[in-house]
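A.B. asks: Okay, sequence plus prediction incoming.
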Amino acid sequence: MNRTLDPAAALHWLASRLDRPQWSLADTVVSGQLGERAARARRFDTGLTVALTLDRPPRQAAGACLLLAATPEARDDALYLSGDRLWLLRRYPVALTEVELDLLFKQQQAMAALLAARERAAPIPLPIAGRYA
């Protein structure tokens, strides 16, 4: 059944996907683990917000911000630094169907994977100075 979820129901939907969800602030905030990522979510009257940790050191935040700004699908996303961890925050609309919430959440997870730091290839050596005949 594809029912419409309000922010409270969306928060419970997310909590059911977290490992060991921890509730606080009168059931308006939930945190836990989503695989290897930490996750936090909070419901507001204007919708749900979900934050996922990024596998990127804080010193690389500028590059992540540029990549996020260059991605049209990320218009409702932001990065923030808490302690020494980068988080990808997404604002969700007030009313969503379960299918829409699932798709948007998977998109946020894909965005977090895209923003993860990658090992750079070794630099290509420059040609030896000299004459080319």
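C.D. replies: Everything's here; your move. Numbering: from 1, shown residues only.

A.B. asks: pretty sure residue 71 is touching residue 110, no?
C.D. replies: No. Contact criterion CB atoms under 8 Å: residue 71 and residue 110 do not qualify, at 10.5 Å. No exception for glycine: its C-beta is placed from N, CA and C like everyone else's.

A.B. asks: Please report the distance of residue 37 from residue 72.
C.D. replies: According to CB to CB, to the nearest Å, residue 37 stands 23 Å off from residue 72.

A.B. asks: now do residue 110
C.D. replies: Distance check for residue 110 against residue 72: by CB to CB, it reads 14 Å.

A.B. asks: okay, those two: which has more neighbours?
C.D. replies: residue 110 (11 against 6; other CB atoms under 10 Å).

A.B. asks: So that one: helix, strand or coil?
C.D. replies: Assigned state for residue 110: helix (three-state reduction, DSSP: H, G, I helix; E, B strand; the rest coil).

A.B. asks: pretty sure residue 68 is in contact with residue 114, am I right?
C.D. replies: No. Residue 68 is beyond contact range of residue 114, at 9.0 Å (criterion: CB under 8 Å).

A.B. asks: what is the most centrally placed residue in the chain paired to in the beta sheet?
C.D. replies: By CA atoms, centre = their mean, the mean C-alpha position of the chain lies nearest to residue 88, the distance being 3.7 Å. Listed by DSSP bridges, the beta-bridge partners for residue 88 are residue 52, residue 79.
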